[in-house]
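Trainee: Can you look at this prediction? I've put the sequence above it.
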Amino acid sequence: MTSKEPQEREQGRVAETSDRTRCAGCGIKLQTEDASRLGYVPAKSLDKDPVICQRCFRIKHYNDLSGATLNQDDFLKILGGIAGTNSLVVHIVDLFDFEGSLIAGLQRFIGNNPVLLVVNKTDLLPKAVNSNRILNWVQKQAKEFGLKTVDIALVSAKKNIGFDQLLTRMDQYRKGRDVYVVGATNVGKSTLINRLIRDYSDLEAELTTSPYPGTTLDLVRIPLDDGKAIIDTPGIVYRHRLTELVNKRELPTILPNSVLKPMIYQLNEEQTLFFGALARMDFVRGARQSFTCYVSEALKLHRTKLERADELYAEHKGELLAPPALEHLEELPPLVKHPIRIPRGGKTDVLISGLGWIAVGGESGAELVVWAPKGVKVAVRPALL
């Protein structure tokens, strides 16, 4: 996967951009008839190079995502086509939401093709964290979910950490084959692909990236110098991730953009922690102990007595307890409860998919009730940190 000579790059670029039927940003088939449908581009813009659809134009220039996206069946149909190929599959997951971003049953869709698991957003972890510990944790979790991998790479697409090692491993395992890049929405897939475009591809335009999920809508082929390609696939939309349910303007509050700073609360039983109005944790029973929250620094936490929790939520949701803002409350499903028992001994994480996790010491055990919007994944796992 080496860089090309200037003449070769120019020849490749001309060949690649000669097909002007697809958007250079998201890969969708272009059309000029209906502005309400995917792929629309004004006829006068067809002469531009590269050609991008109106949706990608608005994302790039105004950070505005139109409502049109592929449905789940379309995503899975595209993913299922990989099984009939002889390829390396690069599965990108979000370390901040590992369980929520892992593609369930991936092997069923890709057949016997090998999987290189790429764990993105490692820049969110404190620098003192041992990378071997994280790697071992990821290996155990991947095995728990039945994912068979040839290797695991820890990277940060945003900070360009681990990128050279990733390229080396891709060369090692692809063995002259195409590479399919798969992942859920908002895991940093397009940011990583853009690095490949800038360093190793003939494509002049970068893929569409934005703070919003679902920006790639069809297969986008990135040519390599051996005649093969890296194929970017649409992000799988998982409705069990809170990031898929909140109003898109509130994503910057929920998604961390810097190193996670643990927020430690010493709680007595019958105390409650609110995470804005998005979720809450009731410490129902147990000895006084610490609860360490790993969430976005922009998200405000509030502590109260359990007996006052319902009243506080009813009176202050959307205002003191925000996000979501008052005008966006009705966009979220109602909160439902998840009873959780933390056994004695060992550290345990309670994950709220898309929001973060709560680390519980577990020395004396605890009985909790976690409230999250209906459908959002709540999981208990061995402690990451």
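Mentor: Right, received. Where do you want to start? Numbering: from 1, shown residues only.
Trainee: chain center to the strand or helix carrying N136, what's the gap?
Mentor: For N136, the element it lies in under DSSP states H and E is helix 131-144. Averaging C-alpha positions (CA atoms, centre = their mean, to the nearest Å) puts helix 131-144 18 Å from its chain's average.
Trainee: ok, residues contacting it?
Mentor: Residues from elsewhere that reach helix 131-144, judged by CB atoms under 8 Å, 6 or more residues apart in numbering: 95, 98-99, 102, 117, 119, 122, 125, 149, 152, 154, 381-382, 384. Where you see a C-beta, it was placed from the backbone N, CA and C, and this is true even at glycine.
Trainee: Mind picking the two most distant members of those residues?
Mentor: Largest separation among these by CB to CB: L125 and T149, giving 20.3 Å.
Trainee: mind listing the strands in the stretch 151-300 of the chain by residue range?
Mentor: Assigned by DSSP state E, counting those that start in this stretch, the strands in the stretch 151-300 of the chain fall at 151-154, 178-183, 220-223, 229-232, 263-267, 271-275, 279-285, 289-295.
Trainee: Could you point out which of those strands sits nearest G345?
Mentor: Of the strands of the stretch 151-300 of the chain, nearest to G345 by CB to CB is strand 289-295, at 12.9 Å.
Trainee: Sheet-wise, list the partners of the closest one with their directions.
Mentor: Sheet pairing of strand 289-295 (DSSP bridges) gives strand 263-267 (antiparallel), strand 356-360 (antiparallel).
Trainee: which stretches of the stretch 51-200 of the chain have low pLDDT?
Mentor: In the predicted model of the stretch 51-200 of the chain, residues 58-75, 197-200 satisfy pLDDT under 70.
Trainee: pretty sure G235 contacts G183?
Mentor: Yes. The criterion here is CB atoms under 8 Å, and G235 meets it with G183 at 6.1 Å.
Trainee: what touches both of these two?
Mentor: K189.
Trainee: picking that back up, just put the strands paired with strand 289-295 in a markdown table and tack on mean pLDDT.
Mentor: Shown next, in a markdown table, are the strands paired with strand 289-295 (pLDDT from 0 to 100):
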| stretch | mean pLDDT |
| --- | --- |
| strand 263-267 | 96 |
| strand 356-360 | 97 |
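Trainee: how about CSV for the ones you listed, with distance to I78 and mean neighbour count added?
Mentor: Output for the strands paired with strand 289-295, formatted as CSV (distance: least, CB to CB, whole Å; neighbours: other CB atoms under 10 Å):
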stretch, distance to I78, mean neighbour count
strand 263-267, 39, 14
strand 356-360, 30, 24
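Trainee: Dump those to a markdown table, plus distance to S87.
Mentor: Formatted as a markdown table, the strands paired with strand 289-295 follow (distance: least, CB to CB, whole Å):
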| stretch | distance to S87 |
| --- | --- |
| strand 263-267 | 42 |
| strand 356-360 | 33 |
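Trainee: before we move on, back to that, how about the strands of the stretch 151-300 of the chain, which one is nearest G111?
Mentor: Ranking the strands of the stretch 151-300 of the chain by proximity to G111 (CB to CB) places strand 178-183 first, at 11.4 Å.
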